[in-house]
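*Asks:* here's a sequence, model it:
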Amino acid sequence: MILNIKQKYIIFTALFSAIFIFVSYRDFYYDAGIDQTGHYRYAKIERLKNDLKVELTQTKNRELLTALATGEKNFSFGFRQEMALTGTLHLVAISAFHTAIMMLILETLLNSLLLFLPLRSSWKRIVILYMKIFCSAYYFLITGASVPTLRAILFMLFFECALVWGRRPHLFSACAFSLTAVLLLIPGSLASLSFIMTALSVFTILRIYRLLPSSASVSLVVLSVVMNYALIPVISHLSARFPLAAPFVNFFVIPVISISVPFVSLAQISVIFSSSAASLFLKTADFLVAPAQFFIRRSAVTAELTAFPLADPPVFVKIVFTASFFCALCFTKKLKLTAVLINLISLLFFVVPPDFDQSPRRIEAFRGKAFCVKTSPAKGRIFLDRYRFSPDFDGRLQLKLEQAAAECGITFTQSLHLPAGMPERFERRLRRSLRFRNTKIFVIKRDFDLYDDD
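*Replies:* Model prediction:
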């Protein structure tokens, strides 16, 4: 397909149009206030999201579907932990996986609409490009205007522009363009975990996708293992446990989600014209996604039993780990071997931290209400000494204990000292974790004075 100067100018303008649309997204999304009757006035996008939410209340798996349809992850704490332990949280982050399916649906619909128009193929591609830009802006807004979504959309639009221009797009160039554009549009995203996770994931996939086995099932497992390994610096901070069962859970869940996402995308499009049509697509997606949610809940116990405890080392160690990981992917021969060795050495900091400071240390995860004492490089004790009342023995406390141990560099806890006795049910759940499986539990006496920093 040969383009003339005018067509190239139009494509160039399309890129600037896309940038303008995404720069001004706040005006579209947050255009709300109080009307004359005293009621809250929603912007158009917000009204459509509310229509989707109303239809989602009629579905059984609304937690998962709400995240896929609107980007709002209002999970119960228990379900969020189940997804974290099974390594499936990435499925509800609206990024390349979901955006690619949306683009395929758009491509099919737009090609069908323009099939009988008397236009040359080059002009049809340009018209489709512009329509994709506006539809992508709508998709970006309806799914919550998140950083991973913006990065994925810009990547695909850059890729599409290159194809229409008649050039062979370079994957790393498209990725670098999308990440740079995100930083320019949302400067604060550089410090966000979502931006870091999406950057790590994309570069990993782009580097290894050609090396994956020909078997789709084996490739899915291998990709899940490599992705989780690359995200160890983030996982050590968020959940403090490496999900060993993630590849096997993803092997079943990803295909099921892949089948349901197209119907969610159709619901997002059809809600503009008819809430009834959107309801029909959402009910279909609800039926299709049910096995995935059921499997996540059922496999969470096994995933918790096999999740390996991690320490949360300093930021410098995480940078070295990440840099050496990507150097090992990119370099060859001696440089690759060197990068692999450095990566394995930095990995030890996440498993058996070499620092062995036996002095008591206040824990930020408990906001200074607890401290830890290490007894060996990988073992230690945790004391909750500044609680006036007994803490709530629930999933949040268990997550805090995991994060506290990771913060102190304790991968196997010798003893846990609490202000009150631990309920038997909570203790059984706590001992599912490898970190606390052999932990001795004590009640702190009222006159306890082992550590006083006042």
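*Asks:* residue 144 touches residue 68, doesn't it?
*Replies:* No: Residue 144 is beyond contact range of residue 68, at 11.1 Å (criterion: C-beta atoms under 8 Å). Where you see a C-beta, it was placed from the backbone N, CA and C, and this is true even at glycine.
*Asks:* higher neighbour count, those two?
*Replies:* More crowded of residue 144 and residue 68, by other C-beta atoms under 10 Å: residue 68, with 26 against 15.
*Asks:* the more buried one touches residue 95, doesn't it?
*Replies:* No: when contacts are counted by C-beta under 8 Å, residue 68 is not listed as touching residue 95 (11.8 Å).
*Asks:* touching both of residue 144 and residue 68, which residues are there?
*Replies:* residue 94 (C-beta atoms under 8 Å, 6 or more residues apart in numbering).
*Asks:* now do the helices in the stretch 1-150 of the chain.
*Replies:* According to DSSP state H, counting those that start in this stretch, the stretch 1-150 of the chain carries its helices in the segments 5-23, 25-29, 44-56, 62-70, 77-85, 96-113, 121-142, 147-165.
*Asks:* which stretch in those helices has the least confidence?
*Replies:* Mean pLDDT is lowest for helix 25-29 among these, at a mean of 49.
*Asks:* okay, now the domains of this structure?
*Replies:* Annotated domains of the chain cover 5-228+237-308, 315-351, 361-443 [automatic domain parsing].
*Asks:* now do the same for the shortest one: mean pLDDT, whole number.
*Replies:* Averaged across domain 315-351, the pLDDT comes to 90.
*Asks:* now do the buried residues in that domain.
*Replies:* 317-318, 320-322, 324-329, 339, 342-343, 346-347, 349-351 (16 or more other C-beta atoms under 10 Å).
*Asks:* OK, contacts around the residue sitting nearest the centre point of the chain?
*Replies:* Centrality entry for the chain: nearest residue to the mean C-alpha point is residue 90, 4.0 Å, by C-alpha atoms, centre = their mean. Shown in contact with residue 90 (C-beta under 8 Å, 6+ apart): 197, 201, 227.
*Asks:* tabulate those residues (JSON lines), appending distance to residue 372.
*Replies:* Shown next, in JSON lines, are the contacts of residue 90 (distance: C-beta to C-beta, whole Å):
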{"residue": "197", "distance to residue 372": "28"}
{"residue": "201", "distance to residue 372": "32"}
{"residue": "227", "distance to residue 372": "31"}
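*Asks:* out of the residues you listed, which is most surrounded?
*Replies:* Of the contacts of residue 90, with other C-beta under 10 Å as the count, residue 197 tops at 23 neighbours.
*Asks:* longest helix in this protein, please.
*Replies:* helix 275-306 (DSSP state H).
*Asks:* could you tell me the end-to-end distance of stretch 378-396?
*Replies:* Across its full length, stretch 378-396 reaches 24 Å end to end, with C-alpha to C-alpha, to the nearest Å as the criterion.
*Asks:* pLDDT on it, on average?
*Replies:* 87.
*Asks:* separation between the residue nearest to the centre of the chain and residue 84?
*Replies:* Distance, residue 90 to residue 84, by C-beta to C-beta, to the nearest Å: 10 Å.
*Asks:* what does residue 375 give?
*Replies:* Distance from residue 375 to residue 84, by C-beta to C-beta: 29 Å.
*Asks:* which one of those two has more residues nearby?
*Replies:* Between residue 375 and residue 84, counted using other C-beta under 10 Å, residue 84 has the larger neighbour count: 22 against 13.
*Asks:* just checking, the more buried one touches residue 243?
*Replies:* Yes: Residue 84 is within contact range of residue 243, at 7.5 Å (criterion: C-beta under 8 Å).
*Asks:* all helices of the stretch 351-454 of the chain, in order?
*Replies:* Under DSSP H, counting those that start in this stretch, the stretch 351-454 of the chain gives helices at 395-408, 424-430.
*Asks:* if you compare those helices, which one is most tucked away?
*Replies:* Counting by mean count of other C-beta atoms under 10 Å, helix 395-408 has the highest mean neighbour count of the helices of the stretch 351-454 of the chain, with a mean of 21.
*Asks:* ok now that one, how far from the chain's centre?
*Replies:* Distance, stretch centre to chain centre, for helix 395-408: 20 Å (C-alpha atoms, centre = their mean, to the nearest Å).
*Asks:* and residue 359, how many neighbours does it have?
*Replies:* 8.
*Asks:* check contacts around it.
*Replies:* Per C-beta under 8 Å, 6+ apart, neighbours of residue 359: residue 373.
*Asks:* okay then, goodbye and thanks.
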